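Colleague: Sequence and predicted model, in that order:
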Amino acid sequence: MRIGVTTGGGDCAGLNAVIRAVVKSAILEHRDEVIGIEDGFDQFIRRQAPSELTLHSVRGILARGGTILGTTNRGNPFHYVLPGMTKPTDCSDLVVRQVQQLGLDALIVIGGDGTMSIAYDLFRKGLPLVGVPKTIDNDLGATDYTFGFDTAVNFAMDALDRLRTTAESHERVMILEVMGRYAGWIALHTALAGGAHACLIPEIEYDPQLVVDRIRRSFAKEGNFYLIVVAEGAKPAGGVHSVVEHGTATRAERLGGAGEQLASAIQKHIDQDIRVTVLGHLQRGGSPTSFDRILATRFGYEAVRAVHASKFGQMVALKGQDIITVPMESAIAKLRLVDPKSPVVLAARSIGICFGDDE
């Protein structure tokens, strides 16, 4: 078979591990030809000739962050802004023709909810597609975990460990803002693993005064510093998300500033200094953890198996310890958000982590 593989959306650790697994499994087990499609679906629209991926092409990329194929979060072929134009155009038929002209028997698409939505729409137009879930936010439905998440959490945990020592030295309140968009998975796991005093997530609106009360109580009785992990999508009760850039027809809104929003709300009510650290894209880069390398490798292998089983319109997913395939439409039906009543949240509350509500 002649199999194409592409990466779309934001980059994260583990993408190259998937590409490597796809190439090695396809060639060594099935003697397939693997074609690398660069920059998501852009290469189809630009009508540039793709390159074949060989065993040599993927040598040494397991531990490398990013993606050797490049990626973009602006390349929706159904709403594509062509060079020299200002309004988006539907280029999906061009993508379909290019796949056919390249003689691809299947296309493995690696991406998050946005990329999976595009892939599903292209599948409905007749393209033989298999999806691989990718996002540091861990918010894609139908899979327990996505690769990139564990690496992001480990980096954020390390940052929180470092902030702890400087917070103790200066008796400060430290706010660490992490990514996650509208899901609080990164913040929740970072707070638990890093020993934060408070964790503010999008799924639980917070009351700034309750956070102030917990800070005062902590400094009076427990210690001389306070660590808060804030998800970029967190918002105060009755308030709105902090947005850096509003969304358009071709691009989703960009969140940011939740940490400063919190600091501004509580600074006038406490005596301690507050410092805000925003990790930003540092969470996306770097070498993947062992968990992400293994999960990404398993996903790549199972994606090739799905292609050979003609399981098109399906996405590989982790359920418990098993990799299964699920319909793409179920994966994109809704975001996978933190349940405020989940065992993980209850565990966090039981050890005193404040979520800024009255529970």
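Modeller: It's in.
Colleague: part of a strand, is Val132?
Modeller: Yes - counting by DSSP: H, G, I helix; E, B strand; the rest coil, one finds Val132 located in a strand.
Colleague: Just list the residues touching the closest residue to Gly257 other than its chain neighbours, thanks.
Modeller: Nearest non-adjacent residue to Gly257, counting by C-beta to C-beta, 6 or more residues apart in numbering: Ser242, 3.7 Å away. Placement of C-beta: from N, CA and C, glycine included. Ser242 makes contacts with Glu232, Lys235, Leu255, Gly256, Gly257, Ala258, Glu260, Gln261, as judged by C-beta atoms under 8 Å, 6 or more residues apart in numbering.
Colleague: Can you show me the strands along the stretch 151-300 of the chain?
Modeller: Counting by DSSP state E, counting those that start in this stretch, the stretch 151-300 of the chain has strands at residues 173-178, 198-200, 226-231, 243-245, 254-255, 274-278.
Colleague: The fifth one - which strands sit beside it in the sheet, and in what orientation?
Modeller: What it means is strand 254-255. Here strand 254-255 is paired, per DSSP bridges, with strand 243-245 (antiparallel).
Colleague: ok, now the third one?
Modeller: Strand pairing for strand 226-231, determined by DSSP bridges: strand 173-178 (parallel), strand 198-200 (parallel).
Colleague: Can you convert these into a markdown table and add a column each for mean pLDDT?
Modeller: A markdown table is the format used below for the strands paired with strand 226-231 (pLDDT from 0 to 100):
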| stretch | mean pLDDT |
| --- | --- |
| strand 173-178 | 98 |
| strand 198-200 | 98 |
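Colleague: now the ones you listed as JSON lines including mean neighbour count and distance to Asp139?
Modeller: Formatted as JSON lines, these follow (neighbours: other C-beta atoms under 10 Å; distance: least, C-beta to C-beta, whole Å):
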{"stretch": "strand 173-178", "mean neighbour count": "28", "distance to Asp139": "13"}
{"stretch": "strand 198-200", "mean neighbour count": "28", "distance to Asp139": "17"}
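Colleague: As JSON lines, these with distance to Val344 would be great.
Modeller: Shown next, in JSON lines, are the strands paired with strand 226-231 (distance: least, C-beta to C-beta, whole Å):
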{"stretch": "strand 173-178", "distance to Val344": "16"}
{"stretch": "strand 198-200", "distance to Val344": "11"}
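Colleague: do you know which of the ones you listed lies nearest Ile323?
Modeller: Of all the strands paired with strand 226-231, strand 173-178 sits nearest to Ile323, with 27.3 Å by C-beta to C-beta.
Colleague: what angle separates that closest one from strand 274-278?
Modeller: 20 degrees (axes from the mean of the first three to the mean of the last three C-alpha atoms, to 10 degrees).
Colleague: would you put the C-alpha positions of strand 173-178 in CSV?
Modeller: These are the backbone C-alpha positions of strand 173-178, laid out as CSV (Å, rounded to 0.1, in the frame of the first residue of the first chain):
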residue,chain,number,x,y,z
VAL,A,173,2.5,34.0,46.4
MET,A,174,3.5,32.3,43.2
ILE,A,175,1.0,31.8,40.3
LEU,A,176,1.8,29.4,37.6
GLU,A,177,-0.3,29.7,34.4
VAL,A,178,-0.4,26.6,32.3
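Colleague: What is the distance between that strand and the centre of its chain?
Modeller: Mean-position distance between strand 173-178 and its chain equals 20 Å (C-alpha atoms, centre = their mean, to the nearest Å).
Colleague: rewinding a little: of the contacts of Ser242, keep whichever come out buried.
Modeller: Neighbour-count burial (16 or more other C-beta atoms under 10 Å) is assigned, among the contacts of Ser242, to Glu232, Lys235, Leu255, Gly256, Gly257, Ala258, Glu260, Gln261.
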